[in-house]
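Undergrad: all I have is the shape, not the residue letters:
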DNA sequence: AAATAAATTAATCATTTGATTAAATAATTT
DNA sequence: AAATTATTTAATCAAATGATTAATTTATTT
C-alpha cells in the first residue's frame, strides 16, 4: 500500500509470465516433459491454468523455451572457455571444473534433465546443439592435441566432463552413500582442485 | 508347418509375456515412463493392448518389473567386482571398466534411463538401492583407502564411473561431435585400457 | 469328444490432461 | 469518464490414454 511496499513488490515479484516460466523450469526439471502436468506448473506458479496457454500457447512451446534456457546454462559454462585464446590449457581445466561445480551445486539436476530430454527426443534437441565443428576446432582441443598428440583429445574432454558432471548426474544415488548433503557438498568442493590436477597428470605422464 | 519350422519357432519366438516385457524395455528406455504410451508398447510387442493389462495389470507394474531388471543390469556389473576378495585393486579397475564398456556399447541408454527415472521418482526407486553400507564397506573401498589414505576413496569411485559411464550418458551429444558411430565405438574400445591406467596414475602419484 | 481353462481381440469406459471459450476484472488509452 | 485493450478466471471441450468388459478363439484337461 505504501510507496515502499510498491517498490519492493515491483522488485521482488515476478510478472505472471516470469512466474509461469520459473514454475515450468522447476516442474519440467524435476519430472521431465512427459511426467509434468500443465496443472502442476500452474499450481507451482500460483496461477490459473488458462493463463499458461494465454502466455505460452502450449505446453510444448513453454517447454522449448525452458529447455533453450537450460541448454544455454549447461553449455554456457563450457563454450566461452573452450575458445578463449588468452588462457592456458591448465587455466581452462581449472575454470571449467570450478565453474561447473559451483553452478551445479546450485542446479544439480541440470545435466540429467538436458541429457535425458535429448535422449527421449533426439531429432528436435540434438540439432539445436550445432557444436559439431565448433568444438572440434576449438582452442581447447588444439591445446590438448599440442600437449598429447598420441591420445585423441576427446578422451580428455570426456574425462574432464565425466569426472565433473557425473557426480551430479548420479547424485540421487551417490549422496546417500556418501552420507548426506553436507558431505556431498564437501566432496564436490574438493573436486574443484582435484580434477584439474588429475587431468594435468594424465596429460603429462607418458 | 513342418517339424523344422515348429522347432525353430519354439526356440526363436518369445512367449507373449516375454514379448511384452521386451517391448516395454525398449519403449520405456527410449522414452521414459511419462512419455511412453501403453499403446506404443503393445504395438512394439505386436499384441493387443488389453493383453498388456491381462499379463501385467497396469503400466506401473510393468514399469517396475522392467526397471528392476535394468537396475540389476546396471549395478550387476559393479557390485560383484567390488566385493571380490580374490582380485587386486588394479584388476578390479580393469574389470569394472571393461565390463561396463562392453555392456554399454550394446545398451548405451541404460545409465541415463535408470538415473533419470530415479531423479523423477526418488522415493520409490532410490530406496531400492540398499547399496548404502554395502558399498562403503566393500573390499574395493578398503583397497582404495589402503592405497591412498589422504583422498576420500569415493573420489576415485566417482572418477572411475564418471569416465566410464558419462560418455554413454552424453552419447547423443558426443557421438555426432566425434564423427559418427564407428569413431565413437573405437574411442570407447580405447578407453577400456586407458581408464584403468589413468586411475592407477591418480592412485600412485603424490 | 466334451468340458474347462487360458489366451486373445474388439469395443468401450472413465479419467486425465492439454487446450479453448466466454465472461469478468483490471489496466491503459483516448 | 468512456472506450479500449490486456489480464484473469471458471467452466468446458476434445483428444489421449490407461484400463476393463464381454465375446471369441485356442489350448488343456477330463
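TA: Arrived safely. Note that this is a predicted model, so its numbers are computed, not measured.

Undergrad: element containing the residue most central in space within chain A, please.
TA: In chain A, the residue lying closest to the centroid (C-alpha atoms, centre = their mean) is residue A:74, at 2.9 Å. Under the assignment given by DSSP states H and E, the secondary-structure element containing residue A:74 is helix A:59-76.

Undergrad: report the secondary structure state of the closest residue to residue A:171 other than its chain neighbours.
TA: The shortest distance from residue A:171 to any residue other than its chain neighbours is 5.3 Å, reached at residue A:108 (C-beta to C-beta, 6 or more residues apart in numbering or on different chains). Backbone N, C-alpha and C define where each C-beta goes, glycine included. When the structure is reduced to helix, strand and coil (DSSP: H, G, I helix; E, B strand; the rest coil), residue A:108 reads as coil.

Undergrad: what's residue A:108 sitting at in phi/psi?
TA: Here the main-chain torsion angles of residue A:108 (degrees, to the nearest 10) amount to phi -60, psi -30.

Undergrad: tell me how many other residues crowd it.
TA: Using other C-beta atoms under 10 Å in any protein chain shown, residue A:108 is surrounded by 20 other residues.

Undergrad: and the pLDDT at residue A:12?
TA: Residue A:12 is assigned a pLDDT of 47 by the prediction.

Undergrad: you'd agree the residue nearest to residue A:171 is up against residue A:170?
TA: No. With contacts counted by C-beta atoms under 8 Å, residue A:108 stays clear of residue A:170, the gap being 10.4 Å.

Undergrad: I'd like to know how many residues surround residue A:192.
TA: In terms of burial, residue A:192 registers 17 neighbours under the definition other C-beta under 10 Å.

Undergrad: quick one: residues contacting it.
TA: Neighbouring residues of residue A:192 by C-beta atoms under 8 Å, 6 or more residues apart in numbering or on different chains: A:94, A:97-98, A:101-102.

Undergrad: so after the helix holding residue A:74, what's the next helix or strand?
TA: Sequence-wise, the next helix or strand beyond helix A:59-76 is helix A:79-82, with elements assigned using DSSP H and E.

Undergrad: if you count contacts, what does that following helix end up packed against?
TA: Contact here means 3 or more C-beta pairs under 8 Å, 6 or more residues apart in numbering or on different chains; DSSP states H and E; on that basis helix A:79-82 packs against helix A:89-106, helix A:131-136, helix A:139-147.

Undergrad: run the chain-centre distance for it.
TA: The offset between the C-alpha centroid of helix A:79-82 and the centroid of the whole chain comes to 14 Å, using C-alpha atoms, centre = their mean, to the nearest Å.

Undergrad: contacting residues around it?
TA: Outside helix A:79-82, the residues within contact range by C-beta under 8 Å, 6+ apart are A:87, A:92, A:95-96, A:99, A:131, A:134-135, A:138-141.

Undergrad: can you pull the residues of chain A lying near DNA strand C?
TA: On the criterion C-beta under 7 Å from any atom of the strand, DNA strand C has as its neighbours in chain A the residues A:36-39, A:49-50, A:53, A:57-60.

Undergrad: next one: stretch A:198-206 to chain centre, how far?
TA: A distance of 27 Å separates the C-alpha centroid of stretch A:198-206 from that of its chain, computed with C-alpha atoms, centre = their mean.

Undergrad: what's the answer for stretch A:78-89, then?
TA: If you compare the mean C-alpha spot of stretch A:78-89 with that of the full chain, they lie 18 Å apart, counting by C-alpha atoms, centre = their mean.

Undergrad: return the set of buried residues in that stretch.
TA: Of the residues in stretch A:78-89, those buried under the neighbour-count criterion (16 or more other C-beta atoms under 10 Å in any protein chain shown) are A:78, A:81-82, A:89.

Undergrad: could you measure from the residue nearest to residue A:31 when sequence neighbours are not counted over to residue B:30?
TA: Counting by C-beta to C-beta, 6+ apart, the nearest residue to residue A:31 once its immediate chain neighbours are dropped is residue B:120, at 5.0 Å. Using C-beta to C-beta, to the nearest Å, residue B:120 is found at 16 Å from residue B:30.

Undergrad: which one's more surrounded, the two?
TA: residue B:120 (24 against 16).

Undergrad: surely the more buried one and residue A:33 touch.
TA: No. Counting by C-beta under 8 Å, residue B:120 stays clear of residue A:33, with 10.4 Å between them.

Undergrad: between these two, which contacts overlap?
TA: Both residue B:120 and residue A:33 are contacted by residue B:34, under the criterion C-beta under 8 Å, 6+ apart.

Undergrad: the helices and strands packed on helix A:79-82: which one's closest to DNA strand D?
TA: Using C-beta to the nearest atom of the strand as the criterion, the shortest distance between DNA strand D and the helices and strands packed on helix A:79-82 is 28.5 Å, found for helix A:89-106.

Undergrad: where are the low-confidence patches of chain A?
TA: Across chain A, the stretches falling below the confidence threshold (pLDDT under 70) are A:1-12, A:124-133, A:206.

Undergrad: scan it for its longest helix.
TA: Longest among the helix segments of chain A by residue count, using DSSP state H, is helix A:181-204.
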